[in-house]
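J.: Mind folding the following:
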Amino acid sequence: MMMRFLIAFLIAIGVGKLVSKLKLPAILGWLLAGMILGPHAIGLINQSLLDSVVYGRIINILECSVGLMIGTELVWKKIKSAGKQIIITTLTQSLGTFLFVSLVFGITFYFMKLPPIYLAFLFGGIALATAPPAPPALSIVREFKTDGPVTKTLIPMAALDDMVGVVIFFTTMAIVSGQVSSQDMPIYMIAFIVLLPLMIGASVGVLSGLVMNRVKTSKQRFLVLIGFILIASLVGMIVNYHFLSTPILNFMLIGMAFSAAFANMIKTEELDDLMKQFNPILSVSMIIVILNLGSPLDYHLILGAGLFTVIYIISRAIGKYFGAYFGATITHCPRTVQKYLGLTLLPHSGVSLVFTGIAVANLSGPAPESAQIIQGTIAAAAVINELIAVIMAKKGFEWAGEMASHEE
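T.: Sure thing, here's the model as predicted:
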C-alpha cells in the first residue's frame, strides 16, 4: 500500500510541475492528481490505504508539519509592527466573507429547501480562509519581485488571516457537530475543541524553544525541531485517539501553535536558517497532505455541484474584496490597497481543502448528504476558483503598479 502511495506522490510532483508551467499554483496539480489517482477514478490510492491506521498517523504528523507554514509567520515583532491597519483589515475581510457567504447560502438553502441551514455557516467558515502563506499570491510576490503598499500589507496579513480563519472555522464546526450529533454539545466543549490543539502545540513549542536556545549549532536546532514535531504529533494522537470519544483534533492547528511558540523565543536569523533547512520537509508534507485531501474527492460530484459552486465562488469573491476594501478605507490605507488588496486574497485552495476534509470527516456519519454537498462544491471551487483567482491576484499587483516589470 505504501508503494502505491509513493508512486502517487511522484506522479503528483510531476503534475504539479506541469501545472506550474501554466503559471498556476502547483497545489492545483497535487489536488487533481489526488482526484485522478483516488478510489473514485484510477484507484492507485485505494480505500484500503486511506483507511490504514499507519497511513492516518503519518498524515497527522505531516499535517502538524504543514502548520509551521503559518505559525512561523506569527512572530509578535512582525505583527506589532504591522499596526492596527492590517489587523482591522484582516478582521473586516475575514468576518465579512464569513457573514456574506453564510447569508447567501442561508437564503439559497431556505428557498431550495435542501440541506440543513447550518451548512450555510460551514460554507462561510471554509470561505474565509485564504491560501497558505506561500502559494499562490506570495509566490507571485517572489516571482515578479513586487513591492509597494499592497505587497507590504499582504505579507503579514497572510498569517493573521489564517489565524482568524482557524478560530472561526473550528468554532463553527464545533457548533455544527453539536447540532448533528445525538447529544447537544456543551458550550465549554466548543472552547475545548478550539483551544485544546492550541494548548498542546504551544506547550510543546515552548519546551522546544527552551531547548533551541541552549544548543549551539543550526544542525542541532534542526534536530530539536524534528524531534519536537514528533512529540507534538504524538501528544495530539494520544489525546485524539485515546482520550476523546471522537477524533476531532486538528493537527495543522497543533503545528501552528507549536511553531508560533518557538518562533517567538529564538532569534530572527536563527528562525530564518531553521526554516530554510525545514523547507524541503515542508514541501513534501504539503504535497502529501493535499494529495491525501484530493484522493477521496469524487469527480462525479463536481459535475453535480454546479449551482452551489458558482454561488460559493462569487459570494466569497464579493466578501473578500469588499471586506478588504472596507477595512482598508476606514483605516486610511493607501488608495491602491483599498482597490486591489482584495484581489490578492482570492486564491483559496490550500487551507480550504484542509477545512473541507475536517468538515466532511465530521459530517460523513451523521449527515452524509451535507458532507457530499460540501465535498462536491469545494472540490469544484478549488479547481475553478484557482484558475480565476491566480490571474486576478497577478492583475491586482499589476494594477497597483507593484510589478517589477510594470510600466507606469
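
J.: how about L297, secondary structure?
T.: Under DSSP: H, G, I helix; E, B strand; the rest coil, the three-state class of L297 is coil.

J.: pLDDT score for the closest residue to it other than its chain neighbours?
T.: Excluding the flanking residues, the one nearest L297 by C-beta to C-beta, 6 or more residues apart in numbering is A379, at 4.4 Å. C-beta: built from backbone N, CA, C; applies to glycine. For A379, the pLDDT comes out at 74.

J.: Now do whatever helix or strand A379 lives in: distance to the chain's middle.
T.: Assigned by DSSP states H and E, A379 falls within helix 368-399. Chain-centre distance of helix 368-399: 13 Å, with C-alpha atoms, centre = their mean, to the nearest Å.

J.: next one: stretch 388-406
T.: Centroid separation between stretch 388-406 and its chain, computed with C-alpha atoms, centre = their mean, is 22 Å.

J.: Would you confirm that F9 contacts I288?
T.: Yes. Between F9 and I288 there is a contact under C-beta atoms under 8 Å: 6.3 Å.

J.: who has more neighbours, the two?
T.: In this view F9 and I288 are compared by other C-beta atoms under 10 Å, and I288 has more residues nearby, 22 against 17.

J.: Report the contact partners of the more buried one.
T.: F9, I59, L62 (C-beta atoms under 8 Å, 6 or more residues apart in numbering).

J.: what's the following helix or strand after the top helix by length along the chain?
T.: In terms of residue count, the longest helix belonging to the chain (DSSP state H) is helix 76-112. Next along the chain after helix 76-112, taking DSSP H and E as the criterion, comes helix 118-127.

J.: Give me the mean pLDDT for that following helix.
T.: Averaging pLDDT along helix 118-127 gives 90.

J.: Can you give me the buried ones in it?
T.: Y118, L119, A120, F121, L122, F123, G124, G125, I126, A127 (16 or more other C-beta atoms under 10 Å).

J.: How about stretch 200-212?
T.: I200, G201, A202, V204, G205, L207, S208, G209, V211, M212.

J.: Give me the contacts around it.
T.: So stretch 200-212 is contacted by 67, 71, 221, 224-225, 227-228, 231-232, 235-236, 239, 249, 253-262, 264-266, 270 (C-beta under 8 Å, 6+ apart).

J.: Only the buried members of those residues: can you turn that into a ChimeraX selection?
T.: The ChimeraX selection below is limited to those of those classed as buried (16+ other C-beta under 10 Å):
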select :67,71,221,224,225,228,232,235,236,239,249,253,254,255,256,257,258,259,260,261,262,264,265,266,270
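
J.: In helices only, show me the contacts of stretch 200-212.
T.: Using DSSP H, the contacts of stretch 200-212 in helices are 71, 221, 224-225, 227-228, 231-232, 235-236, 253-262, 270.

J.: List of residues touching stretch 84-103?
T.: With contact meaning C-beta under 8 Å, 6+ apart, stretch 84-103 is reached by 79, 120-121, 123-125, 127-128, 153, 156-157, 160-161, 164-165, 168, 312, 315-316, 318-320, 322-324, 326-328, 330-333, 337, 341-342, 345.

J.: which intervals of the stretch 251-400 of the chain have sub-threshold pLDDT?
T.: By pLDDT under 70, the low-scoring segments of the stretch 251-400 of the chain are 298-305, 349-351, 353-354, 383, 386-387.

J.: now the contacts of stretch 84-103: which count as buried?
T.: 79, 120-121, 123-125, 127-128, 153, 156-157, 160-161, 164-165, 168, 312, 315-316, 318-320, 322-324, 326-328, 331, 333, 337, 341-342, 345.

J.: buried ones in the helix holding A379?
T.: So, applying 16+ other C-beta under 10 Å, buried residues of helix 368-399: 370-383, 385-386, 389-390, 392-394, 396-399.

J.: For C333, which residues are in contact?
T.: Neighbour list for C333: Q85, T89, P149, T153, L341 [criterion: C-beta under 8 Å, 6+ apart].

J.: what's near enough to touch the closest residue to the fourth one other than its chain neighbours?
T.: I take that to be T153. Take T153 and drop its neighbours on the chain: the residue closest to it by C-beta to C-beta, 6+ apart is V337, 5.3 Å away. Listed by C-beta under 8 Å, 6+ apart, the contact set of V337 reads T89, P149, V150, T153, A328, A400.
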